[in-house]
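1. Predicted model and sequence follow; I will ask about them next.
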Amino acid sequence: MAEKLIKIEDIMKRLGWYLLKPDGVVDIGIHNTSLNQESFDEFTRVVGITAELRPIVVDYLSLVEEFNELSRAEMDISRSIQNVPNPVVWVGAKMTFAYVKAQRAISNFLSAASAFRDRTLTRLSEAYGKNSREFCVFNSAIKDAYDSSFAYRALYNLRNYSQHHDSPLSLLPVNGSRDNFDGLMKISVKIMLQWNDMLKSSRIQKKFLLEIKERSEPKIELIGLAHDYMLQHSNLMHKIISLHINRLDEMHEYAQVIMSVGCIPKGATPVIWEDTGRDASDEKSKNKMFHHFSFDELFYVISLYECIGEGNFAPEVSLKI
């Protein structure tokens, strides 16, 4: 027997929710009234902003995580040396492994920054066009960051250097001093960047070569540059969200209406239920599916925007799942 074709008009779309209880049981609520196509189109347009921003947020938060990893690298290496019976013997393969850790942290951070910028430009171009306000504003912000920040220019060029010429890690000096109180050796490690290594590379932009030739210091601590570089990218993320702030505000107002009109319990996840059952009370229909649109993602993007505006990189939440 041929399977009956399901027409679009036969698919019922109804507002509902599900709520996971402490005992593991899931409560479900579904409204009897089906949404008309106009209401559903409005729904998809309004809540679509978080889906549109999601890949950009993912790239940015990945960059934040790589920055945190780089920031911890010096301390982690210092502790490794601190834990050996005598730091003097911490040489050879042990030092090689320390270089591996530091180089991975630097390379991952530089690559994540480049990916965030390039993929965001691509997404804006595909969504709005290269002549759009969204694309032009973000592209101009990137150029302004390059022009205004030495750290941005330095690490932008360091990424090209490390990708096509040589390791981004110049020096990993280890300093130790014995504490007068307990007699223990205190170890500190600094990831250093030497300008001379970059001067011999054709991958460095000529203007920046002239700039670093004029600098008096032959080397510089990389973590300080990385912090300023990260700050520039957080400003870029803030710019992206500000371009969409009206749509986020619209979704926030929409969320309040949905939660109120839909009588959705506190802590429940709102959903749009789809099924082909003619009887709205037929909750056991086999042809049922749902689209969740949890508003916590909206609230996170808003908190991220506010957090960056206060000079921080991201809200203090765990990204572990």
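-> Good, I have the coordinates.
2. From here on, just use CA atoms for contacts and neighbour counts.
-> Noted.
3. buried stuff in the helix or strand harbouring Asp118?
-> Here Asp118, judged by DSSP states H and E, is contained in helix 93-128. Buried residues in helix 93-128, counted by 16 or more other CA atoms under 10 Å: 98-99, 101-117, 120-121, 123-125.
4. now for it, which elements pack on it?
-> helix 37-82, helix 133-148, helix 150-164 (3 or more CA pairs under 8 Å, 6 or more residues apart in numbering; DSSP states H and E).
5. do that again at 6 Å, thanks
-> helix 37-82 (3 or more CA pairs under 6 Å, 6 or more residues apart in numbering; DSSP states H and E).
6. where along the stretch 201-321 of the chain do the strands fall?
-> When assigned using DSSP state E, counting those that start in this stretch, the strands of the stretch 201-321 of the chain occupy the ranges 219-221, 269-275, 289-292.
7. Mean neighbour count, the ones you listed: which tops it?
-> Most buried of these, by mean neighbour count (mean count of other CA atoms under 10 Å): strand 269-275, with a mean of 21.
8. What score does the residue nearest the centre of the chain have for pLDDT?
-> Centrality entry for the chain: nearest residue to the mean C-alpha point is Leu61, 1.8 Å, by CA atoms, centre = their mean. Leu61 carries a pLDDT score of 96 in this model.
9. Run a quick neighbour tally on the closest residue to it other than its chain neighbours.
-> Distances taken as CA to CA, 6 or more residues apart in numbering put Ala314 closest to Leu61, at 7.6 Å, once the chain neighbours are dropped. When counting by other CA atoms under 10 Å, one arrives at 19 neighbours for Ala314.
10. now Asp249: how far from Val301?
-> When distances are taken as CA to CA, to the nearest Å, Asp249 and Val301 turn out to be 11 Å apart.
11. ugh, wrong one, Ser201
-> The spacing between Ser201 and Val301, counted by CA to CA, is 40 Å.
12. Neighbour count: those two, which is higher?
-> Neighbour comparison, Ser201 and Val301: the larger count goes to Val301, with 20 against 15 (by other CA under 10 Å).
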